[in-house]
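In: no sequence for this one, just the structure:
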């Protein structure tokens, strides 16, 4: 019988989740490891050798860690659920002229649901992951806040978790820096783990070529969408290979020369039109957010002012936010560049994650 309880740990085979399991085991928790098989490269049409969280090597690395510490390890095949919710949404979003955010959807609708379901089956009180984030309880709510290592903060992709998930979730790495986690692995004798490279690609687009992925999923897509108009300064300036192959803010790979640097400003799928603009044309002051989830507050106070990030690497911009017609109305205090519908807008108050949602549409003022 463990002194701290039973915890199901999501183990990808990488250093963060492996040290998470090791740390909890040493703290006296009864650890059960689980590795989720979400995807295989063959299904994506990629010839690249499998790497990352879904590869056989990663599954074996996770199992080896469990064997070394003497706790059970299971492999959970959720490729069917993943394909239905994440892959289909990814394709549908591009066809709708939006830029999808698959990691957020995966956390919210796949991984946490799968973990909690199996935790109940295995009588685990808690689930744990290797995310660099922290949780505290305040005013009868479980609040996510940034981890100690700002360079590894992963709260941006966690905005979709509800209170039922959070009350059973542990983020053991949140108090540590990445360098400390690597040293823990080395101190435990796992030198290969400490030196293991990390992948930042979308797991089902291993070569980061989403155009090829879309073409594999939808035969003859390029033939169906080729020949649309590039529009710049209200004039047609050329033809493109299809609106799904572009994202707002994109500059490289446009395959058009206008003598000045231009960027994708807007995508109009019903007209197969890609609107181009100068860098300053990408600046926006206002957006709305759909399908939002609040974490710190049950209801957002009127005229709430928070730092709002419109992409993962965004430093954030102060904005005044109100709830209008079941959406968040966000007015930035200074212009932001490259607002992409479909991406996440995530709101912070200091280090606390207030909540977030998907960028619905841009409102040009």
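Out: The structure has been received and is ready for your questions. Fair warning: this is a prediction, and the values are worked out from it, not measured in the lab. Residues are numbered from 1 along each chain as shown.
In: which SSE is residue 181 in?
Out: Remark: residue 181 resides in helix 178-187, with elements defined by DSSP states H and E.
In: And for that helix, what's in contact with it?
Out: Applying CB atoms under 8 Å, 6 or more residues apart in numbering, the external contacts of helix 178-187 come out as 15-16, 18-19, 22-23, 132, 149, 151-152, 173, 191, 193-194. Every C-beta, even on glycine, is put in place using the N, C-alpha and C of the backbone.
In: let's go with 10 Å and repeat that
Out: For helix 178-187, contacts defined as CB atoms under 10 Å, 6 or more residues apart in numbering pick out 15-16, 18-20, 22-23, 26, 65, 130, 132, 147-149, 151-152, 172-173, 176-177, 190-196, 198.
In: hang on, isn't residue 148 packed against residue 171?
Out: No - Residue 148 is not in contact with residue 171 according to CB atoms under 10 Å; the separation is 11.1 Å.
In: quick one, which of these two is more surrounded?
Out: More neighbours surround residue 171 than the other of residue 148 and residue 171, with 22 against 15 (other CB atoms under 10 Å).
In: which residues sit in contact with the nearest residue to the more buried one once chain neighbours are set aside?
Out: With CB to CB, 6 or more residues apart in numbering as the measure, residue 133 is the residue that lies nearest to residue 171, at 4.8 Å, once sequence neighbours are left out. Shown in contact with residue 133 (CB under 10 Å, 6+ apart): 144-147, 152-158, 161, 169, 171, 173-174, 353.
In: Could you rerun that using 7 Å?
Out: In this structure, residue 133 makes contact with 144, 146, 147, 154, 155, 158, 171, 174, judged by CB atoms under 7 Å, 6 or more residues apart in numbering.
In: Likewise for residue 330?
Out: If you count contacts by CB under 7 Å, 6+ apart, then residue 330 has 286, 287, 289, 308, 319, 321, 345 around it.
In: How about the secondary structure of it?
Out: Going by DSSP: H, G, I helix; E, B strand; the rest coil, the secondary structure assigned to residue 330 is strand.
In: what sits opposite the closest residue to residue 166 other than its chain neighbours in the beta ladder?
Out: With CB to CB, 6+ apart as the criterion, residue 166 has its nearest non-adjacent residue at 3.7 Å, and that residue is residue 142. According to DSSP bridges, the partner residues bridging residue 142 are residue 137.
In: can you give me the strands for the stretch 151-300 of the chain?
Out: Remark: strands of the stretch 151-300 of the chain, listed N- to C-terminal, are 169-170, 228-232, 235-240, 263-268, 273-277, 283-294; assignment by DSSP state E, counting those that start in this stretch.
In: so can I have JSON lines of these showing distance to residue 99 and mean neighbour count?
Out: Converted to JSON lines, those look like this (distance: least, CB to CB, whole Å; neighbours: other CB atoms under 10 Å):
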{"stretch": "strand 169-170", "distance to residue 99": "28", "mean neighbour count": "20"}
{"stretch": "strand 228-232", "distance to residue 99": "17", "mean neighbour count": "20"}
{"stretch": "strand 235-240", "distance to residue 99": "16", "mean neighbour count": "14"}
{"stretch": "strand 263-268", "distance to residue 99": "9", "mean neighbour count": "20"}
{"stretch": "strand 273-277", "distance to residue 99": "13", "mean neighbour count": "21"}
{"stretch": "strand 283-294", "distance to residue 99": "13", "mean neighbour count": "19"}
